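Enquirer: below are the sequence and a predicted model; questions follow.
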Amino acid sequence: MERDLRLDDIDRDGAIADALGTMHGHTRADLLRGALVGGGALLAACAAPASASAASSRARDASILNFALTLEELQAAFYTEVERNRVLRGELKRQADTVGGHERAHVRAFRDVLGSKAIKRPHFDFGGATEGSDAFRRTAVAFEDLAVAAYKGQAPHIRSRAYLASALAIHSVEARHAAWIRRLAGKPPVAGPFDEPVSRPAATRIVARTHFVVRRTSRKGPRFTG
Amino acid sequence: MPDIPAPARGGLAIGAPEPLRADPHAVQWAPLRRAAVARAAPSAHARAVARLGSRTPENTTNLVLVLGRARDPHGGLWIRARLPARRAQTGWLPRSALGGYEEVHTRLVVDRARLTLTLLRNGRAVFRAPVGIGRAATPTPAGAFYVRDRLTRYASPFYGPVAFGTSAQSATLTDWPAGGYVGIHGTDQPGLVPGRISHGCIRLRNADIARLARLLPVGTPLEIR
């Protein structure tokens, strides 16, 4: 019988829950409840597609690449902001500067290949996560672990061998980022012999619950002096 | 024994890492997450200089330009900001009142003597147009301000097809509804541009404001001289 996948399964040290809970006042129990993924959904995500036309395969690949682009935009914006804020020192600064350079390169690569099909760049609000080294460290661990698990979750569904090769190239780099920041955060660089994937809905839900991605609106007409 | 295939070529061209370069033209802004009191110094006990809402009079997200940061003795983070306020053009806001930072590389200059508006990107002029500004009785105020919002979904020939709200406020129309903020907008009387013809707003011909709208991001610093 399939067991439900819980945030605990991908967040073995509680880094995501703790980081997000600290910043936004959620309890760890709330986050774990929110990130529950049904076993059926997990099974469906793991099943091989029955058959697909070339067009639908391309559309699916574009959708997966856009999902990856969203995560890369999130990470790139996070590292860029912390670097602009100049709040890090020493090895942590070196990690952030280096990884930020990688994430920005990833964003450019996805945008180049997606062209007009690429999502619009989202707006972000990282709260206090880019204003101090402790919050940065916790959030960076969460982001890198999430990115690794999300790439792993989507890679088997990529139909294009060329895109799969690129996804694997990025996935291993994200894993190295995760190991680096985990060491700086005093956590074991490797949590166990096997890593678990995270499904796209679960990853989306985790990101949504951070409130890091925001929306800005305009509703009324001018009220200027004229 | 079958050959093991060569590694597949990637479909994405992953380039070199992209280090963040120092950019003298980069300016940060941040939206107001909630209503907040701006203070004269980075402290909850400092004198209040302005009260800011989280929305503009046009019901868009209110925002401020980020000028600096400091911590108070309790470790609380404060942001020195350019404000949309008549009396105090700068003040300190608690970081917790602000949302995520955004960055622009543009600067807008309105020259009241020459009746021109110039947009600079990375220090280079990319757009210039003649403008109408305030009459002698209702002058367009001089100073350092910023572009606060961009409005398109309205139907008013008077304001033209696009309008930008700014943080500048008229010094004379103090009882104007919604605070007497200065806008940058189109017009239904293009023959009056350039000229000193408005209540303080900066008017462009409609073709010019439409072209400017494609180039001008919200958060752009505005110098009126």
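Expert: Received it, and whenever you're ready, just let me know what you need.
Enquirer: and the residue nearest in space to the middle of chain B, helix, strand or coil?
Expert: Per Cα atoms, centre = their mean, the C-alpha nearest to the average position across chain B is that of B:Val147, at 2.3 Å. Three-state call for B:Val147 (DSSP: H, G, I helix; E, B strand; the rest coil): strand.
Enquirer: which ones are touching it?
Expert: Contacts for B:Val147 were tallied using Cβ atoms under 8 Å, 6 or more residues apart in numbering or on different chains; they are B:108, B:164-166, B:184, B:216-220, B:222. From N, CA and C alone the C-beta is placed, and that goes for glycine too.
Enquirer: so the helix or strand that contains A:Ala165, near chain B or not?
Expert: Here A:Ala165 sits within helix A:161-184, counting by DSSP states H and E. Yes - residues of helix A:161-184 are located near chain B by Cβ under 8 Å from any Cβ of the partner chain, namely A:161-166, A:169-170.
Enquirer: and the contacts of that helix?
Expert: When contacts are defined by Cβ under 8 Å, 6+ apart, helix A:161-184 is touched by residues A:61, A:64-65, A:68, A:91-92, A:95, A:99, A:102, A:106, A:109, A:113, A:137, A:140-141, A:144-145, A:147-148, A:151-152, A:154-155, A:158, A:188-190, A:195, B:7-12, B:14.
Enquirer: got the buried residues for it?
Expert: Neighbour counts over helix A:161-184 (16 or more other Cβ atoms under 10 Å in any protein chain shown) mark A:163-168, A:170-171, A:173-175, A:177-182, A:184 as buried.
Enquirer: for residue 108, what is the enclosing helix or strand?
Expert: You didn't pick a chain, so chain A it is. With DSSP H and E as the test, A:Arg108 turns up in helix A:90-114.
Enquirer: switch to chain B, that's the one I care about
Expert: Applying DSSP H and E, one finds B:Leu108 within strand B:106-111.
Enquirer: list the buried ones in the helix or strand that that strand is followed by?
Expert: Counting by DSSP H and E, the element after strand B:106-111 in chain order, helix or strand, is strand B:116-121. Under the neighbour-count criterion of 16+ other Cβ under 10 Å, strand B:116-121 has B:117-121 buried.
Enquirer: okay, now the sheet partners of strand B:116-121, with direction.
Expert: With DSSP bridges as the test, strand B:116-121 is paired with strand B:106-111 (antiparallel), strand B:124-130 (antiparallel).
Enquirer: so what touches that strand?
Expert: With Cβ under 8 Å, 6+ apart, strand B:116-121 has contacts from B:25, B:105-111, B:125-131, B:184, B:194, B:202, B:204, B:212, B:215-216, B:220.
Enquirer: now a ChimeraX select for only the buried ones of the residues you listed.
Expert: Remark: buried members of the contacts of strand B:116-121, expressed as a ChimeraX selection using 16+ other Cβ under 10 Å:
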select /B:106,107,108,109,110,127,129,131,184,194,202,204,212,216,220
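Enquirer: how close does B:Thr152 get to B:Leu108?
Expert: According to Cβ to Cβ, to the nearest Å, B:Thr152 stands 18 Å off from B:Leu108.
Enquirer: er, B:Ile209 I mean
Expert: 13 Å.
Enquirer: need the overlap of contacts for those two.
Expert: Common neighbours of B:Ile209 and B:Leu108, using Cβ under 8 Å, 6+ apart, are B:Ile184.
Enquirer: tell me where chain B has helices.
Expert: In chain B, the helices defined using DSSP state H lie at B:206-213.
Enquirer: show me the helices in chain A, by range?
Expert: For chain A, the helices defined by DSSP H occupy A:7-10, A:15-24, A:28-34, A:39-46, A:54-85, A:90-114, A:133-154, A:161-184, A:200-210.
Enquirer: ranking the ones you listed by mean pLDDT, which is last?
Expert: Mean pLDDT per stretch puts helix A:39-46 lowest among the helices of chain A, at a mean of 29.
Enquirer: thinking again about what came up before, taking helix B:206-213 as reference, get the angle to the strand holding B:Leu108.
Expert: With axes from the mean of the first three to the mean of the last three Cα atoms, to 10 degrees applied, the angle from strand B:106-111 to helix B:206-213 works out at 150 degrees.
Enquirer: got the contact list for strand B:106-111?
Expert: B:25, B:27, B:116-121, B:123, B:131, B:133, B:140, B:147, B:184, B:202, B:215-217, B:220-225.
Enquirer: quick one: low-confidence ranges for chain B?
Expert: Confidence mapping of chain B against pLDDT under 70 gives the ranges B:1, B:173-179.
Enquirer: kindly recompute the last result at 50.
Expert: Along chain B, the model assigns pLDDT under 50 to no residue.
Enquirer: could you list the domains of it?
Expert: For chain B, automatic domain parsing gives the domain ranges B:27-103, B:106-224.
Enquirer: measure the shortest one end to end?
Expert: End-to-end distance of domain B:27-103: 6 Å, with Cα to Cα, to the nearest Å as the criterion.
Enquirer: and stretch B:68-83, by the same measure?
Expert: From start residue to end residue, stretch B:68-83 stretches across 13 Å - Cα to Cα.
Enquirer: show me what counts as buried in that stretch.
Expert: Neighbour counts over stretch B:68-83 (16+ other Cβ under 10 Å) mark B:69, B:72, B:77-83 as buried.
Enquirer: and if you look at stretch B:17-24?
Expert: The neighbour-count check on stretch B:17-24 (16+ other Cβ under 10 Å) flags B:Glu18 as buried.
Enquirer: give me the number of residues near B:Arg87?
Expert: B:Arg87 has 9 neighbouring residues, counting by other Cβ atoms under 10 Å in any protein chain shown.
Enquirer: so it touches B:Arg47, yeah?
Expert: No - counting by Cβ atoms under 8 Å, B:Arg87 sits too far from B:Arg47 to count as a contact (11.8 Å).
Enquirer: A:Lys151 touches A:Leu65, doesn't it?
Expert: I think there's a mix-up here, since residue A:151 is Tyr and not Lys. No - distance between A:Tyr151 and A:Leu65: 11.4 Å, which falls outside the contact criterion (Cβ under 8 Å).
Enquirer: and B:Thr106, how far from B:Pro130?
Expert: Distance, B:Thr106 to B:Pro130, using Cβ to Cβ: 20 Å.
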